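structure for this input, please:
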Amino acid sequence: DDRDELFTIGSAWLILIAAALAIGGSVAMSRAVGRRIDTVTKTAQRVMAGSLTERIPLRGTGDDFDELSGTLNQMLGRIEEAVEAVRRVSDNVAHELRTPLARLHADLDDLRSTRDEGERQRLADQAFAEAGRLQSIFDALLRIARIESGRHHAGFRPVDLSTLLADAVEFHLPDAESRGQRIESRIASGLTLAADPNLLFQAVSNLLDNAIKYGGRGGTVTVGAVQAGSGVTIEISDAGPGIPAAYREKVTERFFRLPDTAGEPGTGLGLSMIHGFTQQCGGAMTIASQPGKGTSVPWVQTTNDLIK
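Numbers count the residues shown, from 1 in each chain. As a prediction, the model looks like this:
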(Lines give C-alpha, C1' and ligand atoms only; values in the text may rest on other atoms or scores of the structure.)
Protein backbone atom coordinates (compact mmCIF):
# COMPACT_ATOMS: atom_id res chain seq x y z
CA ASP A 1 0.00 0.00 0.00
CA ASP A 2 1.00 3.68 -0.05
CA ARG A 3 2.32 3.59 3.50
CA ASP A 4 4.71 0.74 2.73
CA GLU A 5 5.84 2.44 -0.48
CA LEU A 6 6.57 5.68 1.38
CA PHE A 7 8.46 3.75 4.04
CA THR A 8 10.56 2.00 1.38
CA ILE A 9 11.31 5.26 -0.42
CA GLY A 10 12.16 7.00 2.87
CA SER A 11 14.42 4.18 3.94
CA ALA A 12 16.19 4.29 0.59
CA TRP A 13 16.75 8.02 0.91
CA LEU A 14 17.99 7.62 4.48
CA ILE A 15 20.44 4.96 3.33
CA LEU A 16 21.62 7.20 0.47
CA ILE A 17 22.01 10.19 2.82
CA ALA A 18 23.85 8.09 5.42
CA ALA A 19 26.13 6.69 2.72
CA ALA A 20 26.78 10.18 1.37
CA LEU A 21 27.54 11.47 4.86
CA ALA A 22 29.83 8.50 5.54
CA ILE A 23 31.68 9.00 2.26
CA GLY A 24 31.90 12.75 2.85
CA GLY A 25 33.12 12.23 6.40
CA SER A 26 35.67 9.68 5.25
CA VAL A 27 36.94 12.04 2.55
CA ALA A 28 37.12 14.93 5.03
CA MET A 29 38.86 12.79 7.64
CA SER A 30 41.24 11.40 5.04
CA ARG A 31 42.12 14.92 3.93
CA ALA A 32 42.60 16.05 7.54
CA VAL A 33 44.80 13.06 8.32
CA GLY A 34 46.66 13.60 5.06
CA ARG A 35 47.33 17.25 5.96
CA ARG A 36 48.65 16.26 9.39
CA ILE A 37 50.87 13.56 7.88
CA ASP A 38 52.02 16.01 5.22
CA THR A 39 53.00 18.49 7.97
CA VAL A 40 55.04 15.80 9.74
CA THR A 41 56.66 14.75 6.44
CA LYS A 42 57.62 18.31 5.49
CA THR A 43 59.05 18.95 8.95
CA ALA A 44 61.10 15.72 8.73
CA GLN A 45 62.38 16.74 5.28
CA ARG A 46 63.49 20.15 6.59
CA VAL A 47 65.26 18.47 9.51
CA MET A 48 67.02 16.05 7.13
CA ALA A 49 68.08 19.07 5.06
CA GLY A 50 69.93 20.39 8.10
CA SER A 51 67.41 22.62 9.88
CA LEU A 52 67.56 20.95 13.29
CA THR A 53 65.50 23.69 14.96
CA GLU A 54 62.34 22.66 13.06
CA ARG A 55 59.45 21.31 15.10
CA ILE A 56 56.05 19.87 14.20
CA PRO A 57 53.29 22.44 14.94
CA LEU A 58 50.72 21.34 17.50
CA ARG A 59 47.03 22.17 17.19
CA GLY A 60 46.33 21.98 20.90
CA THR A 61 43.50 19.49 20.45
CA GLY A 62 45.18 16.84 22.57
CA ASP A 63 44.36 14.13 20.04
CA ASP A 64 46.61 11.23 19.03
CA PHE A 65 48.33 13.31 16.36
CA ASP A 66 49.16 16.05 18.85
CA GLU A 67 50.51 13.45 21.27
CA LEU A 68 52.61 11.85 18.52
CA SER A 69 53.84 15.27 17.34
CA GLY A 70 54.84 16.21 20.87
CA THR A 71 56.83 12.99 21.27
CA LEU A 72 58.54 13.54 17.91
CA ASN A 73 59.36 17.13 18.89
CA GLN A 74 61.00 15.87 22.08
CA MET A 75 63.02 13.42 20.01
CA LEU A 76 64.06 16.21 17.62
CA GLY A 77 65.09 18.31 20.61
CA ARG A 78 67.29 15.51 21.93
CA ILE A 79 68.84 15.04 18.48
CA GLU A 80 69.55 18.78 18.24
CA GLU A 81 71.19 18.75 21.68
CA ALA A 82 73.30 15.71 20.78
CA VAL A 83 74.46 17.22 17.49
CA GLU A 84 75.24 20.51 19.20
CA ALA A 85 77.19 18.66 21.89
CA VAL A 86 79.23 16.83 19.25
CA ARG A 87 79.93 20.09 17.45
CA ARG A 88 80.94 21.78 20.70
CA VAL A 89 83.21 18.89 21.66
CA SER A 90 84.81 18.89 18.20
CA ASP A 91 85.50 22.62 18.46
CA ASN A 92 86.91 22.21 21.96
CA VAL A 93 89.11 19.27 20.96
CA ALA A 94 90.52 21.23 18.04
CA HIS A 95 91.13 24.24 20.26
CA GLU A 96 92.73 22.26 23.09
CA LEU A 97 95.00 20.24 20.81
CA ARG A 98 96.15 23.15 18.68
CA THR A 99 98.37 24.76 21.33
CA PRO A 100 100.23 21.63 22.58
CA LEU A 101 100.67 20.39 18.99
CA ALA A 102 102.10 23.76 17.97
CA ARG A 103 104.49 23.73 20.95
CA LEU A 104 105.49 20.13 20.22
CA HIS A 105 106.17 20.99 16.58
CA ALA A 106 108.25 24.03 17.57
CA ASP A 107 110.29 22.00 20.11
CA LEU A 108 111.01 19.24 17.61
CA ASP A 109 111.95 21.79 14.97
CA ASP A 110 114.38 23.50 17.37
CA LEU A 111 115.67 20.10 18.51
CA ARG A 112 116.53 19.21 14.93
CA SER A 113 118.52 22.38 14.36
CA THR A 114 120.35 22.91 17.68
CA ARG A 115 123.79 21.42 18.38
CA ASP A 116 124.07 22.34 22.05
CA GLU A 117 123.68 19.15 24.10
CA GLY A 118 122.11 20.90 27.09
CA GLU A 119 119.59 22.70 24.88
CA ARG A 120 118.79 19.45 23.07
CA GLN A 121 118.03 17.75 26.39
CA ARG A 122 115.80 20.65 27.49
CA LEU A 123 113.88 20.61 24.22
CA ALA A 124 113.53 16.82 24.34
CA ASP A 125 112.12 16.99 27.88
CA GLN A 126 109.76 19.75 26.83
CA ALA A 127 108.56 17.77 23.80
CA PHE A 128 108.08 14.70 25.98
CA ALA A 129 105.95 16.72 28.41
CA GLU A 130 103.77 18.05 25.58
CA ALA A 131 103.34 14.52 24.21
CA GLY A 132 102.30 13.37 27.68
CA ARG A 133 99.69 16.13 27.88
CA LEU A 134 98.29 15.10 24.50
CA GLN A 135 98.13 11.48 25.61
CA SER A 136 96.31 12.43 28.82
CA ILE A 137 93.71 14.37 26.79
CA PHE A 138 93.08 11.42 24.47
CA ASP A 139 92.97 8.98 27.40
CA ALA A 140 90.41 11.14 29.19
CA LEU A 141 88.24 11.48 26.07
CA LEU A 142 88.36 7.71 25.52
CA ARG A 143 87.45 7.08 29.15
CA ILE A 144 84.46 9.44 28.93
CA ALA A 145 83.28 7.74 25.72
CA ARG A 146 83.49 4.33 27.38
CA ILE A 147 81.58 5.55 30.42
CA GLU A 148 78.81 7.06 28.31
CA SER A 149 78.49 3.87 26.25
CA GLY A 150 78.15 1.79 29.45
CA ARG A 151 81.21 -0.36 28.71
CA HIS A 152 82.61 0.20 32.23
CA HIS A 153 79.72 -1.72 33.81
CA ALA A 154 81.53 -5.00 33.13
CA GLY A 155 84.16 -4.11 35.75
CA PHE A 156 81.66 -3.46 38.55
CA ARG A 157 82.20 -5.35 41.80
CA PRO A 158 81.69 -4.67 45.52
CA VAL A 159 84.05 -1.92 46.69
CA ASP A 160 84.93 -0.88 50.24
CA LEU A 161 84.10 2.80 49.75
CA SER A 162 85.33 3.88 53.18
CA THR A 163 88.80 2.43 52.50
CA LEU A 164 88.87 3.81 48.95
CA LEU A 165 88.11 7.34 50.17
CA ALA A 166 90.72 7.06 52.89
CA ASP A 167 93.28 5.95 50.29
CA ALA A 168 92.37 8.91 48.08
CA VAL A 169 92.83 11.31 51.00
CA GLU A 170 96.22 9.79 51.80
CA PHE A 171 97.27 10.01 48.15
CA HIS A 172 96.47 13.75 47.94
CA LEU A 173 97.65 14.70 51.43
CA PRO A 174 101.23 15.66 50.39
CA ASP A 175 99.89 18.02 47.71
CA ALA A 176 97.50 19.62 50.20
CA GLU A 177 100.25 20.03 52.81
CA SER A 178 102.54 21.66 50.27
CA ARG A 179 99.85 24.36 49.89
CA GLY A 180 99.41 24.75 53.65
CA GLN A 181 96.02 23.04 53.51
CA ARG A 182 94.56 20.32 55.66
CA ILE A 183 92.14 17.58 54.66
CA GLU A 184 89.37 16.87 57.12
CA SER A 185 87.89 13.36 56.83
CA ARG A 186 84.31 12.68 57.81
CA ILE A 187 84.04 9.22 56.31
CA ALA A 188 81.67 6.73 57.93
CA SER A 189 83.03 3.22 58.29
CA GLY A 190 81.65 0.14 56.55
CA LEU A 191 80.39 1.89 53.40
CA THR A 192 80.26 -0.29 50.28
CA LEU A 193 79.33 0.21 46.65
CA ALA A 194 79.25 -1.99 43.57
CA ALA A 195 81.43 -0.11 41.11
CA ASP A 196 84.52 -0.17 38.94
CA PRO A 197 87.10 0.52 41.70
CA ASN A 198 89.66 2.16 39.40
CA LEU A 199 87.07 4.48 37.88
CA LEU A 200 85.55 5.29 41.26
CA PHE A 201 88.98 6.13 42.69
CA GLN A 202 89.72 8.37 39.72
CA ALA A 203 86.39 10.17 40.09
CA VAL A 204 87.01 10.84 43.79
CA SER A 205 90.61 11.76 43.04
CA ASN A 206 89.53 14.32 40.44
CA LEU A 207 87.16 15.97 42.92
CA LEU A 208 89.88 16.07 45.57
CA ASP A 209 92.42 17.44 43.10
CA ASN A 210 90.05 20.27 42.14
CA ALA A 211 89.28 21.07 45.78
CA ILE A 212 93.00 21.27 46.62
CA LYS A 213 93.93 23.13 43.45
CA TYR A 214 91.28 25.83 43.83
CA GLY A 215 90.72 25.73 47.59
CA GLY A 216 93.25 28.45 48.32
CA ARG A 217 96.45 28.30 50.39
CA GLY A 218 95.94 27.49 54.04
CA GLY A 219 92.36 26.36 53.54
CA THR A 220 90.53 23.21 54.57
CA VAL A 221 89.27 20.51 52.24
CA THR A 222 86.52 18.32 53.67
CA VAL A 223 85.83 14.77 52.49
CA GLY A 224 82.63 13.24 53.82
CA ALA A 225 80.66 10.06 53.15
CA VAL A 226 77.59 8.72 54.93
CA GLN A 227 74.98 6.05 54.42
CA ALA A 228 71.80 7.54 52.94
CA GLY A 229 68.94 5.09 52.72
CA SER A 230 69.82 2.42 50.19
CA GLY A 231 72.83 4.38 48.97
CA VAL A 232 75.59 6.72 50.04
CA THR A 233 76.30 10.42 49.84
CA ILE A 234 79.86 11.51 49.10
CA GLU A 235 80.64 15.19 49.57
CA ILE A 236 83.92 16.99 48.90
CA SER A 237 84.12 20.68 49.69
CA ASP A 238 86.70 23.46 49.87
CA ALA A 239 86.93 27.01 51.15
CA GLY A 240 88.17 28.60 47.94
CA PRO A 241 86.82 31.51 45.89
CA GLY A 242 83.89 29.47 44.58
CA ILE A 243 82.36 29.20 41.12
CA PRO A 244 80.36 32.14 39.70
CA ALA A 245 76.70 31.28 39.08
CA ALA A 246 77.06 31.97 35.33
CA TYR A 247 79.55 29.11 34.98
CA ARG A 248 78.08 26.58 37.40
CA GLU A 249 76.16 24.59 34.78
CA LYS A 250 79.06 24.68 32.33
CA VAL A 251 81.81 23.21 34.49
CA THR A 252 80.79 19.64 33.58
CA GLU A 253 81.21 20.36 29.86
CA ARG A 254 84.28 18.88 28.24
CA PHE A 255 87.31 21.19 28.23
CA PHE A 256 85.45 23.97 30.02
CA ARG A 257 87.62 25.92 32.43
CA LEU A 258 86.91 29.08 34.37
CA PRO A 259 88.54 32.17 32.81
CA ASP A 260 90.80 32.80 35.82
CA THR A 261 92.01 29.16 35.99
CA ALA A 262 93.27 28.75 32.42
CA GLY A 263 96.88 28.77 33.64
CA GLU A 264 96.38 25.91 36.07
CA PRO A 265 97.50 22.40 35.05
CA GLY A 266 94.76 20.06 33.85
CA THR A 267 92.70 19.17 30.81
CA GLY A 268 89.23 20.41 31.81
CA LEU A 269 87.85 16.87 31.49
CA GLY A 270 87.75 15.70 35.12
CA LEU A 271 84.24 16.90 36.00
CA SER A 272 82.94 15.69 32.62
CA MET A 273 84.18 12.21 33.44
CA ILE A 274 82.61 12.28 36.91
CA HIS A 275 79.33 13.63 35.55
CA GLY A 276 79.17 10.88 32.92
CA PHE A 277 80.04 8.22 35.50
CA THR A 278 77.31 9.29 37.94
CA GLN A 279 74.70 9.53 35.17
CA GLN A 280 75.48 6.09 33.79
CA CYS A 281 75.31 4.62 37.30
CA GLY A 282 71.97 6.23 38.13
CA GLY A 283 73.49 8.65 40.65
CA ALA A 284 73.35 12.44 40.87
CA MET A 285 76.11 15.00 41.28
CA THR A 286 75.37 18.63 42.05
CA ILE A 287 77.68 21.61 42.47
CA ALA A 288 76.90 24.04 45.28
CA SER A 289 79.08 27.13 45.30
CA GLN A 290 79.07 30.69 46.55
CA PRO A 291 81.65 33.29 45.50
CA GLY A 292 84.10 33.72 48.34
CA LYS A 293 82.68 30.81 50.34
CA GLY A 294 84.04 27.82 48.48
CA THR A 295 82.55 24.94 46.52
CA SER A 296 80.79 21.79 47.68
CA VAL A 297 80.11 18.77 45.46
CA PRO A 298 77.52 16.40 46.94
CA TRP A 299 77.42 13.09 45.04
CA VAL A 300 74.47 10.83 45.85
CA GLN A 301 74.76 7.24 44.68
CA THR A 302 72.20 4.47 45.22
CA THR A 303 74.00 1.19 45.76
CA ASN A 304 71.37 -0.83 43.91
CA ASP A 305 71.69 1.43 40.86
CA LEU A 306 75.35 0.53 40.58
CA ILE A 307 74.66 -3.18 40.34
CA LYS A 308 74.00 -3.94 36.68
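
correct me, but Leu165 touches Ser205?
No - Leu165 is beyond contact range of Ser205, at 10.2 Å (criterion: CB atoms under 8 Å). The C-beta positions use only the backbone N, C-alpha and C, and glycine is treated the same way.

select the longest helix from the protein.
helix 64-113 (DSSP state H).

identify each buried residue in the following helix or strand past it, please.
Toward the C-terminus, helix 64-113 is succeeded by helix 117-149 as the next helix or strand (DSSP states H and E). Neighbour-count burial for helix 117-149 flags 123, 126-127, 130, 133-134, 137, 140-141, 143-144, 147-148 (criterion: 16 or more other CB atoms under 10 Å).

now the helix or strand that comes right after helix 117-149, how far from the chain's geometric center?
Counting by DSSP H and E, the next helix or strand C-terminal to helix 117-149 is strand 157-160. With CA atoms, centre = their mean, to the nearest Å as the basis, strand 157-160 stands 25 Å off its chain's centre.

now for the helix or strand just after strand 157-160, which elements pack on it?
Toward the C-terminal end, the helix or strand that comes next after strand 157-160 (DSSP H and E) is helix 161-178. Helices and strands touching helix 161-178, as assessed by 3 or more CB pairs under 8 Å, 6 or more residues apart in numbering; DSSP states H and E, comprise strand 182-187, helix 197-214, strand 220-228, strand 231-237.

hmm, 6 Å instead?
strand 182-187, helix 197-214 (3 or more CB pairs under 6 Å, 6 or more residues apart in numbering; DSSP states H and E).

which other residues reach it?
183, 185, 187, 189, 191-193, 201, 204-205, 208, 212, 223, 225 (CB atoms under 6 Å, 6 or more residues apart in numbering).

now those: which count as buried?
Ile183, Ile187, Leu191, Leu193, Phe201, Val204, Ser205, Leu208, Ile212, Val223, Ala225.

just put the helices and strands packed on helix 161-178 in CSV and tack on distance to Gly62 and mean pLDDT.
Below are the helices and strands packed on helix 161-178 laid out as CSV (distance: least, CB to CB, whole Å; pLDDT from 0 to 100):
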stretch, distance to Gly62, mean pLDDT
strand 182-187, 52, 90
helix 197-214, 44, 84
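
out of those, which gets nearest to Val83?
Closest to Val83 of the helices and strands packed on helix 161-178, according to CB to CB: helix 197-214, at 27.5 Å.

chain center to the closest one: distance?
Worked out by CA atoms, centre = their mean, helix 197-214 lies 17 Å from the chain centre.

packing partners for that helix?
helix 161-178, helix 270-280.

looking at the ones you listed, which has the lowest confidence?
When these are ranked by mean pLDDT, helix 270-280 comes last with a mean of 76.

if we can go back for a sec, deepest in the core, which of the helices and strands packed on helix 197-214 is it.
Highest mean neighbour count among these (mean count of other CB atoms under 10 Å): helix 270-280, with a mean of 21.

re earlier: want to throw the helices and strands packed on helix 197-214 into a markdown table with distance to Gly77?
Shown next, in a markdown table, are these (distance: least, CB to CB, whole Å):
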| stretch | distance to Gly77 |
| --- | --- |
| helix 161-178 | 37 |
| helix 270-280 | 18 |
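
if anything else comes up later, I'll come back, but that's it for now.
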